[in-house]
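Undergrad: Give me a model of this one.
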Amino acid sequence: MKISTAIEFPAVSLPAETTRAYHRMLKIAKYVVYDILRNRFVLAYLAFLLVVSMSFFNLESDPAKGMMSLLNIILIVLPLVSTVFATIHLYNSYEFMELLLAQPLKRSDIFLGQYLGMAVSLCIAFGIGVGVPVMLYDGSVRGATLVVCGLLLTLAFVSLAFLAAVLSRDKARGIGLALLLWFFCTILYDGIVLMGMFAFSDYPLEKAIMALAFLNPVDLSRIAMLLQLDAAALMGYTGALFQHFFGSATGMGLSFAAMLLWIAVPLWLAVRIFGRKDI
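TA: Predicted structure coming up:
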C-alpha cells in the first residue's frame, strides 16, 4: 500500500462577484488605455519627456547633474499634465460612462476602470519618456528612485484630478479646481512653509518641517531625490535632519506609505462621491 506524504493545502479563491468585478474593471481600463495612447496630447507629452531627458543627459558629463535638472522639470510638468489631462478626459468620458451605467455594472467598477486606464497610460508615457533614458544613463539606485517617484506622483495627481472632476459637474470649475490643487502643491505650499519658517525663526522648527513634508506629495518626491543626489548637505542642519530621518528605513517606509495615502485617499473619496452623484 502506497502512502502519500504530500501535504495538500486548501485552494484559496476570490469570491465570484469580486472576480467578475475585477474583470469588468480591467476591460474598461483596457479600452481607456487603448483610447488614450492614441491621443496626440499624450504622444506629445511622451516625446517632450524623451527629448528633454536625452538632452539633459547628453549636455552634462555627470549623470547626477542631468538628473538634478530633469528633477526640476518633472516636479512641475508631470503634476500639471497629469492633473489637467486626467480632469479633461474624465469630463469628456461622461457620455461613455452614462452608456456603461445603462448596463448591469457598478459605478465603482466603471470609475476605477477609468482611473486605472488613465493612470496606466500616463505611467507608460512617463516610463518611456523618462524611465528609459534614466536607466540607460544611470541605472543605479538614484535612477530607480527618480522613476519610482515620478510614477507615484503620476498616480497621486491623477487621483486628485478625478476628485476635482467629481466635486463639480461644471467642466470649467472642475478644471479650475484641479489647476488650483496643482498650483498649491507645486508652488504655493513651499511659499507658505518658507513664510512660516521666517515668522517663527526663533523656534526650533526642524521636526515641524519634516512633518509638513508629508502633507505634500511633491515635497516628498523632492526630498527623496535630493537625498539620493547628496544635495541635502546644501540645506545645512535641516538637510542633516532630513538625511538622518528620510535616509533611514523607517523614514523611507513612512514616505512610501504617505505617497500611497496620497493615491488612495483622494481616489476613495472620488469613488464615494461618484457613487452618489446624479450624472
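Undergrad: Would you mind identifying the next helix or strand past the helix or strand containing residue 109?
TA: Assigned by DSSP states H and E, residue 109 belongs to helix 107-126. Where DSSP H and E defines the elements, the next helix or strand beyond helix 107-126 is helix 132-137.
Undergrad: Which other helices and strands does that next one contact?
TA: Counting contacts by 3 or more C-beta pairs under 8 Å, 6 or more residues apart in numbering; DSSP states H and E, helix 132-137 packs against helix 40-59, helix 63-92, helix 141-167. Where C-beta positions appear, they are placed from N, C-alpha and C, glycine not excepted.
Undergrad: try 6 Å
TA: Where contact means 3 or more C-beta pairs under 6 Å, 6 or more residues apart in numbering; DSSP states H and E, helix 132-137 is packed against helix 40-59, helix 141-167.
Undergrad: chain center to the helix holding residue 109: distance?
TA: On the basis of C-alpha atoms, centre = their mean, to the nearest Å, helix 107-126 sits 12 Å off its chain's mean C-alpha point.
Undergrad: next one: stretch 213-230
TA: On C-alpha atoms, centre = their mean, the centre of stretch 213-230 falls 13 Å from that of its chain.
Undergrad: now do stretch 169-185
TA: Taking C-alpha atoms, centre = their mean, one finds stretch 169-185 lying 17 Å from the centre of the chain it belongs to.
Undergrad: Mind checking the pLDDT average for that stretch?
TA: In this model, stretch 169-185 has a mean pLDDT of 90.
Undergrad: Other residues contacting stretch 162-174?
TA: Residues from elsewhere that reach stretch 162-174 (C-beta atoms under 6 Å, 6 or more residues apart in numbering): 87, 90-91, 115, 177-178, 266, 269-270, 273-274.
Undergrad: sorry, back to before: dump the helices and strands packed on helix 132-137 into JSON lines; add distance to residue 127 and mean neighbour count as well.
TA: JSON lines is the format used below for the helices and strands packed on helix 132-137 (distance: least, C-beta to C-beta, whole Å; neighbours: other C-beta atoms under 10 Å):
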{"stretch": "helix 40-59", "distance to residue 127": "9", "mean neighbour count": "16"}
{"stretch": "helix 141-167", "distance to residue 127": "7", "mean neighbour count": "23"}
